[in-house]
Structure formats: structure tokens, C-alpha cells
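Colleague: okay, sequence plus prediction incoming.
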Amino acid sequence: MKKRILIVGASGQIGTELTAFLRNKFGKNKVVASDIKEGNEDLMKAGPFEILDATDCDAVEDIVIRYEITEVYLMAAMLSATAEKFPMKAWDLNMNSLFNVLNLARDKKIDKIFWPSSIAVFGPTTVKTDTPQRTIMEPSTVYGISKQTGERWCEYYANKYGVDVRSIRYPGLISYKTLPGGGTTDYAIDIYHKALKHNSYTCFLNAQTTLPMMFMDDAIRATFGIMETKKEHIKNRSSYNLAGMSFNPEEIAASIKKHLPDFKIGYKEDFRQEIADSWPQSIDDGDARNDWGWKHLISLDEMTEIMITNLRKQ
Ligand code: SER
């Protein structure tokens with residue numbers, strides 16, 4: 001098998017686990033990790049690692065040629081909360097990194113791309129529950145605008161140039177191995193850390209803010225699933241809706257209380273409340289289930305159990 005993978009943004013929350021997963025599947029030398037910053041020790045030691053600025057098109061191409069890369073997973077992005085603070089920087093990173101890999105695929109230098117989109121492509125005018133695959137999309141955040149634009153470009157490159165690009169709209173992702181950076185859904189990770197440390201948590205979203213979420217293992221399986229599916233099954237070249245669970249801060253707190261009965265949650269909304277209010281509460285992912293057999297496994301209580309058990313060990 002000639003497959004050789006480059007992961008861009010490998011030191012981040014998703015990249016770290018995706019790199020380990022793919023190295024385990026295909027062998028450590030088949031998976032080159034890259035990021036603008038160094039990652040954790042496991043990631044750096046377990047296979048090739050390169051410092052890479054995803055917006056530098058020559059540098060990306062150089063690594064692709066040098067390692068004879070066939071597939072790129074582009075995980076580098078500025079997330080919703082940080083992007084509101086640095087709009088132009090977010091646009092530059094989120095869009096130019098995508099063009100760099102789309103152009104390499106157009107020029108037949110790579111065969112396949114994975115690029116993540118997000119529930120942030122939806123906006124305040126989108127139907128909030130069981131949000132369909134195709135619906136009104138008027139995102140009101142910089143991050144959402146960049147992801148929606150990216151989806152349009154992915155589909156354009158697929159139609160015009162035959163680029164094999166695959167994408168899913170991740171919900172909020174929860175994991176214990178690497179901390180997230182700058183997202184609105186990050187509270188659902190922080191809450192576990194604070195519960196174990198202080199037995200209390202002050203949430204920046206209000207109690208009733210229901211958002212679509214997913215445990216990282218499910219997200220990695222989805223990512224691998226869509227990439228390994230036969231090309232003809234991928235009928236959507238913008239991005240697939242993907243769902244795991246939906247919950248609000250009160251419900252995750254109740255789940256934590258089953259393990260830590262004295263745990264207390266308080267609320268102090270900040271600017272992220274408005275971002276969260278613009279997003280759907282639940283997602284209809286029927287197309288992903290039909291086209292490439294997606295199925296989520298992990299529920300809120302199962303996730304809480306995994307998070308608490310593993311964070312305790314750390
Ligand atoms: N988890 C992301 C964020 O909160 C949404 O894709 O920004």
C-alpha cells in the first residue's frame with residue numbers, strides 16, 4: 001500500500017488523537033505529524049514530526065513532496081471564541097491552509113483530503129433541533145463564516161477539478177488527552193477538570209444552553225470512517241452533518257454528580273453565550289448514516305465515566 005499521510009495541526013486536540021490512531025492503523029512511518037508548535041512527547045517521539053505553518057504554501061508542498069504524501073488531514077484552525085478576537089488572523093489561517101491543500105490535490109500532488117467543518121456553519125436563522133443536512137445557513141461568527149466558505153470551496157474543487165475531499169461538521173468534541181483551544185464548547189471539557197480539582201465549576205454558558213456534542217473516540221472513528229469509505233459512497237462533497245449526543249450544562253453537571261455527589265455548578269455568561277445561542281441544539285445526520293454507515297457509540301453517562309476515570313489517573 002502506497003498510502004502516506006500528513007496531518008497538519010497534529011499537536012492540537014483532535015490532531016493528537018488522530019495521529020496516534022492512524023499510526024496504530026497504518027504504521028508509524030506512514031503518518032507524518034506536523035504543527036506550528038511542538039506537541040506532547042508521545043506524538044513527537046512516535047513517528048516523524050515537522051514544524052509547519054499551514055498558511056505557508058511552499059512549506060506544505062515541500063513536506064508533501066519530501067515524504068511522498070498521498071493524503072492530508074488538515075486539522076489546523078482557529079476556533080470560534082478565539083476567532084472572534086482575531087477575525088483577520090482566523091480568516092487567514094482557516095482559509096489559506098485549506099487552499100494550500102486543495103491546490104495540491106487539484107495539481108495531482110496528493111490524492112485525498114480530510115478537512116473538518118463544524119456545527120458553526122449554522123446560524124441564528126437555522127432550525128434549532130434536528131438541523132437538517134441542507135437548510136438555511138447564515139453563520140454569525142468569524143469561525144462559522146470561514147467553515148461555511150470552506151465547504152463551498154471543497155465542493156467547488158470536487159466538481160471542477162475532481163478533487164477527492166471529504167468533510168464532516170464536527171459537534172463540540174470532548175476528550176481527556178489534549179486540552180482544546182479557544183472553542184465555545186470547551187466548557188464541556190473544563191467542567192471535568194474543575195470537578196475533580198475543586199468539586200465546583202462556573203460555566204460561561206447558561207444552564208439551558210443545549211449543544212450537539214461528541215466524545216473524541218466517536219469523532220476519530222467518524223473521521224477514519226469517511227476517509228476509508230469507497231469514493232462512490234461520498235455523495236456530499238461539502239460536509240456531512242454528524243451527531244453524537246446533545247446536552248446542556250445542567251445535564252452534564254447531573255451526569256458528573258453521579259460520580260461526585262457534592263459537585264456544584266454555577267453560571268456566569270460571557271461573550272460565548274451569544275455564539276452558542278446561534279448554533280443548533282441537535283443535528284440530523286441521516287445522510288452520513290446512509291452514505292457511509294456512520295453510527296455513534298458513546299452517550300453522556302458513558303463519556304462522564306471515561307473522562308472521570310482517566311482524568312483521575314492523570
Ligand atoms: N467546538 C468548536 C468551537 O466551539 C465548534 O466547532 O469552536
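Modeller: Right, received. Where do you want to start?
Colleague: relative to the ligand, how far out is the closest residue to Tyr73 other than its chain neighbours?
Modeller: Leaving aside its sequence neighbours, Tyr73 sits nearest to Phe114 (Cβ to Cβ, 6 or more residues apart in numbering; 4.4 Å). In short, each C-beta sits where N, CA and C put it, glycine included. According to Cβ to the nearest ligand atom, to the nearest Å, Phe114 and the ligand sit 15 Å apart.
Colleague: what residues does this protein put near the ligand?
Modeller: Selection of the chain residues close to the ligand by Cβ under 6 Å from any ligand atom yields 79-80, 118-120, 143, 170, 172, 183-185.
Colleague: circling back to that earlier point, can you tell me the number of residues neighbouring the residue nearest to Tyr73?
Modeller: Neighbour count of Phe114, defined by other Cβ atoms under 10 Å: 21.
Colleague: need phi/psi at it.
Modeller: For Phe114, the backbone dihedrals are phi -110, psi 130 (criterion: degrees, to the nearest 10).
Colleague: in TSV, list the residues of the chain next to the ligand along with pLDDT and neighbour count.
Modeller: Shown next, in TSV, are these (pLDDT from 0 to 100; neighbours: other Cβ atoms under 10 Å):
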residue	pLDDT	neighbour count
Leu79	97	22
Ser80	97	29
Ser118	98	30
Ile119	98	28
Ala120	98	28
Tyr143	98	27
Tyr170	98	23
Gly172	98	26
Gly183	96	24
Thr184	97	28
Thr185	97	27
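Colleague: so the residue of the stretch 151-300 of the chain found nearest the ligand, which of the three states?
Modeller: Residue nearest to the ligand within the stretch 151-300 of the chain (Cβ to the nearest ligand atom): Gly183, separated by 2.8 Å. The three-state label given to Gly183 by DSSP: H, G, I helix; E, B strand; the rest coil is coil.
Colleague: how about the closest residue in space to it that isn't next to it in sequence, what does it touch?
Modeller: Closest residue to Gly183 apart from its sequence neighbours, by Cβ to Cβ, 6+ apart: Leu79 at 4.0 Å. Leu79 sits next to 143, 180-184 when contact means Cβ atoms under 8 Å, 6 or more residues apart in numbering.
Colleague: so what pLDDT did Ser278 get?
Modeller: Looking at Ser278, its pLDDT stands at 98.
Colleague: could you do Asn241 as well?
Modeller: Asn241 is assigned 98 on the pLDDT scale.
Colleague: and for the one 10 residues further on?
Modeller: The predicted structure scores Glu251 at 98 on the pLDDT scale.
Colleague: surely it is within a helix?
Modeller: Yes: read with three-state DSSP, Glu251 is one of the residues of a helix.
Colleague: near it, how many other residues are there?
Modeller: Glu251 has 15 nearby residues by other Cβ under 10 Å.
Colleague: secondary structure class for Ile113?
Modeller: Per three-state DSSP, the local secondary structure of Ile113 is strand.
Colleague: any idea how far it is from Leu173?
Modeller: According to Cβ to Cβ, to the nearest Å, Ile113 stands 20 Å off from Leu173.
Colleague: wait, isn't Ile5 in contact with Lys30?
Modeller: Yes: here Ile5 lies in contact with Lys30, judged by Cβ atoms under 8 Å, at a distance of 6.2 Å.
Colleague: who touches both of those two?
Modeller: With Cβ under 8 Å, 6+ apart as the test, Ile5 and Lys30 both reach Leu22.
Colleague: neighbour-wise, which of those two wins?
Modeller: Between Ile5 and Lys30, counted using other Cβ under 10 Å, Ile5 has the larger neighbour count: 24 against 19.
Colleague: for that one, give me its contacts.
Modeller: Counting by Cβ under 8 Å, 6+ apart, Ile5 has contacts 22, 26, 30-32, 69-73.
Colleague: give me the pLDDT value at Met1.
Modeller: So, for Met1, pLDDT stands at 58.
Colleague: start to end distance for stretch 279-291?
Modeller: Terminal residues of stretch 279-291 lie 25 Å apart, using Cα to Cα, to the nearest Å.
Colleague: give me every residue that touches Val101.
Modeller: 8, 60, 72, 74, 110, 113, 115.
Colleague: if we go to 10 Å?
Modeller: By Cβ atoms under 10 Å, 6 or more residues apart in numbering, the contact set of Val101 is 6, 8, 54, 57, 60-61, 64, 72-74, 109-110, 113-115, 157, 163, 165.
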